[in-house]
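Visitor: Below are the sequence and a predicted model; questions follow.
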Amino acid sequence: MKSSGYYKHHVFFCTNRREEGGCCAEFGAQKLRDYAKQRVKALGLSGKGGIRINTAGCLDRCSQGPVIVVYPEEVWYTYVDREDIDAIIDQHLVGGQPVERLRI
């Protein structure tokens, strides 16, 4: 999908922490967000016309967490580890095909 926006893809990682638990932060969301940002940068895909990885507060899908959302397609994912993040980067952000096994 071709975007007319500043970024080809804008990815938001929920890194919210709740006192009562059940939040994305409990699943290592910040660490995996940092990994995604570093990997996108290492691949030379960050910046204008490329991919932006951002931290987000609560995205209100705690029961499905940890979660990320990719714009402009508005594709929601859950993930477990670096392999899942790599799949999202390689298959969706680079290849243009959503990763159906991680989609929510």
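Guide: Okay, I see it.
Visitor: Could you point out the longest helix of the protein?
Guide: The single longest helix within the chain, with elements called by DSSP state H, is helix 29-42.
Visitor: Just give me how far that one sits from the chain centre.
Guide: 9 Å (C-alpha atoms, centre = their mean, to the nearest Å).
Visitor: Then stretch 53-73?
Guide: 7 Å.
Visitor: try stretch 31-47
Guide: Using C-alpha atoms, centre = their mean, the offset of stretch 31-47 from its chain centre is 10 Å.
Visitor: what stretches of the chain score poorly on pLDDT?
Guide: The model of the chain has pLDDT under 70 over residues 1-4.
Visitor: quick one: the strands in it?
Guide: For the chain, the strands defined by DSSP state E cover 9-14, 51-56, 67-71, 75-78.
Visitor: For those, give me JSON lines that also has distance to Pro98.
Guide: All C-beta spots, glycine's among them, are computed from the backbone N, C-alpha and C. Output for these, formatted as JSON lines (distance: least, C-beta to C-beta, whole Å):
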{"stretch": "strand 9-14", "distance to Pro98": "11"}
{"stretch": "strand 51-56", "distance to Pro98": "15"}
{"stretch": "strand 67-71", "distance to Pro98": "8"}
{"stretch": "strand 75-78", "distance to Pro98": "5"}
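Visitor: and Val99, which of those strands is closest to it?
Guide: Among the strands of the chain, strand 75-78 comes nearest to Val99, with 6.8 Å by C-beta to C-beta.
Visitor: Give the buried residues for the closest one.
Guide: Residues of strand 75-78 classed as buried by neighbour count (16 or more other C-beta atoms under 10 Å): Val75, Trp76, Tyr77, Thr78.
Visitor: Closest one to Leu43 out of the residues you listed, please.
Guide: Tyr77 (18.5 Å).
Visitor: Report how many residues lie close to the nearest residue to Asn16 once chain neighbours are set aside.
Guide: Counting by C-beta to C-beta, 6 or more residues apart in numbering, Asn16 lies nearest to Cys58, which is 4.1 Å off, once chain neighbours are set aside. Around Cys58 sit 15 other residues, with neighbours defined as other C-beta atoms under 10 Å.
Visitor: and Cys58, what does it touch?
Guide: When contacts are counted by C-beta atoms under 8 Å, 6 or more residues apart in numbering, Cys58 is found next to Cys14, Asn16, Arg18, Cys23.
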